[in-house]
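Engineer: requesting a structural model of the entry that follows:
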Amino acid sequence: MGIVVQKYGGSSVADADGIKRVAQRIVATKKSGKDVVVVVSAMGDHTDELRDLAQQVSPLPPPRELDMLLTAGERISMALVAMAIANLGQAARSFTGSQAGVITDSVHGRAKIIDITPGRIQRAIDEGHIAIVAGFQGVSQDTKDITTLGRGASDTTAVALAAALEAEVCEIYSDVDGVFTADPRIVPTARKLEQVSAEVMLEMAASGAKILHLRCVEYARRYNIPIHVRSSFSQKQGTWIVPEAKVGSMEQAIIAGVAHDRSEAKITVVAVPDKVGEAARIFETLADAQINLDMIVQNVSAAATNLTDISFTLPREDGQSAMAALARIKDGVGYDSLLYDDQIGKVSLIGAGMRSHPGITARFFAALASAGVNIEMISTSEIRISVIVDEADVDEAVAATHTAFELDSHEVEAVVYGGTGR
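Structural biologist: Below you'll find the predicted structure:
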């Protein structure tokens with residue numbers, strides 16, 4: 001029998017009724033003749049509630065202890081789902097991330113998976129059990145401490161297990177029916193995509209589309225795992241994320257969709273001496289602080305002063321850490337000041353078809369201009385154009401771009417069943 005890995009997000013297991021509904025779907029898959037491995041997130045907003053509780057107890061909780069606390073949410077979900085399955089007459093066994101063999105590095109809060117050793121999961125399958133795994137967590141290879149993989153990383157747990165178990169497919173269940181051309185909360189007429197290449201989905205996830213975790217898509221692409229994104233609240237077919245080789249070129253749309261991200265901030269290092277090595281020193285400092293950067297722009301050096309400004313975007317949650325790290329090298333680099341702006345948003349136009357279609361950039365910028373949206377930064381790849389705009393303009397920019405590229409559906413297709421989109 002083939003193995004199917006299913007992942008259920010927080011909105012799918014938000015309450016007892018949701019857990020019972022999920023259990024029925026899992027049991028139905030098992031009865032269809034498949035071996036089933038399930039990965040679950042914490043119930044509803046439980047992880048955020050635990051994080052808020054930690055902040056009330058300590059403004060700077062130790063990362064190790066915060067990870068220990070946050071992993072409790074998934075352990076609650078896995079046990080309850082296993083109970084609900086048992087109540088339906090099927091044998092189920094729950095496992096923490098460490099019990100499931102998820103081996104990570106030792107970076108708390110954003111650990112990366114090093115290896116999966118799913119011996120206990122495979123034994124459970126061989127004995128006819130449904131294996132329920134707590135997502136979002138693993139165990140450090142070096143310290144043996146419990147680690148978490150970052151927000152939304154239950155997706156990554158699921159795909160990594162699918163790769164290790166050589167599963168037929170990884171099904172990602174949330175409260176929307178698939179991947180849409182834009183966030184249906186902003187664009188109610190967004191269209192559901194039947195099929196998306198892993199390459200395009202990578203860009204969409206990196207640009208802020210919350211439906212799939214970025215590292216999950218990277219993992220699926222590397223190990224050639226097909227992903228089926230669908231809703232746990234309906235029986236509709238969802239969106240298939242498949243390797244590029246399986247996407248017919250004749251069906252490749254010019255534009256796959258419009259993504260947005262409100263979770264970034266912008267830092268400008270003002271008046272940096274324009275000489276060899278200064279930019280490298282700035283970015284090495286940020287790398288040492290474990291801060292990932294997104295868009296980077298360096299202005300042309302002013303001839304009179306031989307000084308330049310360097311601007312970049314980064315996760316908003318890392319903003320203060322970055323400012324503190326850069327402040328420590330001010331005298332060494334000799335820059336004038338730092339500017340911090342956390343009221344920004346990123347809007348991205350994505351599609352593999354734009355490689356061979358001139359005029360896409362002009363049309364994108366014309367749509368933003370007609371909506372009165374000012375552009376602060378621009379970044380491009382072969383299949384993506386991203387701009388930074390004022391956070392208040394994000395919704396207008398997304399809607400105007402979606403319409404300009406004729407992505408609107410004639411009827412409302414998108415339903416957010418649970419309210420969170422995960």
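Engineer: excluding covalently adjacent residues, which one is nearest to residue 227?
Structural biologist: Closest residue in space to residue 227, ignoring its immediate chain neighbours: residue 241 at 4.0 Å, by C-beta to C-beta, 6 or more residues apart in numbering. Using the backbone N, CA and C atoms, a C-beta is placed for each residue, glycine as well.
Engineer: so what touches the one helix or strand residue 322 maps to?
Structural biologist: Assigned by DSSP states H and E, residue 322 belongs to helix 319-327. Applying C-beta atoms under 8 Å, 6 or more residues apart in numbering, the contact partners of helix 319-327 are 265, 267, 269, 282, 285-286, 288-289, 291, 314, 338, 340, 342.
Engineer: and the helices in the stretch 101-250 of the chain, which stretches?
Structural biologist: 119-126, 154-164, 198-206, 214-223 (DSSP state H, counting those that start in this stretch).
Engineer: closest one to residue 21 among those helices?
Structural biologist: Proximity to residue 21, assessed across the helices of the stretch 101-250 of the chain by C-beta to C-beta, is greatest for helix 154-164 (18.0 Å).
Engineer: let me know the secondary structure of the residue of the chain most remote from its centre.
Structural biologist: Most distant from the centre of the chain: residue 304, at 44.2 Å, with distances by C-alpha atoms, centre = their mean. The three-state label given to residue 304 by DSSP: H, G, I helix; E, B strand; the rest coil is coil.
Engineer: thought residue 120 was touching residue 100?
Structural biologist: Yes. If you go by C-beta atoms under 8 Å, residue 120 and residue 100 touch, sitting 6.8 Å apart.
Engineer: who has more neighbours out of these two?
Structural biologist: Each of residue 120 and residue 100 has its neighbours counted (other C-beta atoms under 10 Å); residue 100 has more, 30 against 15.
Engineer: let me see the contact set for the more buried one.
Structural biologist: 116, 118, 120, 121, 131, 133, 134, 161.
Engineer: per-residue pLDDT of the fourth one, please?
Structural biologist: If I follow you right, that is residue 121. Residue 121 is assigned 97 on the pLDDT scale.
Engineer: ok, the second one next?
Structural biologist: We note a pLDDT of 95 for residue 118 in this prediction.
Engineer: kindly report the same for the fifth one.
Structural biologist: pLDDT, residue 131: 98.
Engineer: run through the bridge partners of it.
Structural biologist: residue 37, residue 93 (DSSP bridges).
Engineer: was I right about it contacting residue 121?
Structural biologist: Yes. If you go by C-beta under 8 Å, residue 131 and residue 121 touch, sitting 4.8 Å apart.
Engineer: now do the contacts for the closest residue to residue 299 other than its chain neighbours.
Structural biologist: Of all residues not flanking residue 299 in the chain, residue 309 sits nearest, at 4.6 Å (C-beta to C-beta, 6+ apart). When contacts are counted by C-beta under 8 Å, 6+ apart, residue 309 touches 268, 269, 270, 271, 272, 298, 299.
Engineer: drop anything exposed from the residues you listed.
Structural biologist: 268, 269, 271, 272 (16 or more other C-beta atoms under 10 Å).
Engineer: turn the residues you listed into JSON lines, including pLDDT.
Structural biologist: Below are the buried ones among the contacts of residue 309 laid out as JSON lines (pLDDT from 0 to 100):
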{"residue": "268", "pLDDT": "96"}
{"residue": "269", "pLDDT": "96"}
{"residue": "271", "pLDDT": "94"}
{"residue": "272", "pLDDT": "94"}
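Engineer: and those residues as a markdown table, adding secondary structure?
Structural biologist: Shown next, in a markdown table, are the buried ones among the contacts of residue 309 (three-state DSSP):
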| residue | secondary structure |
| --- | --- |
| 268 | strand |
| 269 | strand |
| 271 | strand |
| 272 | strand |
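Engineer: output those as a markdown table; include the columns distance to residue 21.
Structural biologist: Below are the buried ones among the contacts of residue 309 laid out as a markdown table (distance: C-beta to C-beta, whole Å):
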| residue | distance to residue 21 |
| --- | --- |
| 268 | 49 |
| 269 | 51 |
| 271 | 59 |
| 272 | 56 |
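Engineer: can you put the helices of the stretch 101-250 of the chain in a markdown table and add distance to residue 191?
Structural biologist: Converted to a markdown table, the helices of the stretch 101-250 of the chain look like this (distance: least, C-beta to C-beta, whole Å):
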| stretch | distance to residue 191 |
| --- | --- |
| helix 119-126 | 37 |
| helix 154-164 | 23 |
| helix 198-206 | 14 |
| helix 214-223 | 20 |
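Engineer: comparing these, which comes out most buried?
Structural biologist: helix 154-164 (a mean of 28; mean count of other C-beta atoms under 10 Å).
Engineer: average pLDDT across it?
Structural biologist: pLDDT averaged over helix 154-164 gives 95.
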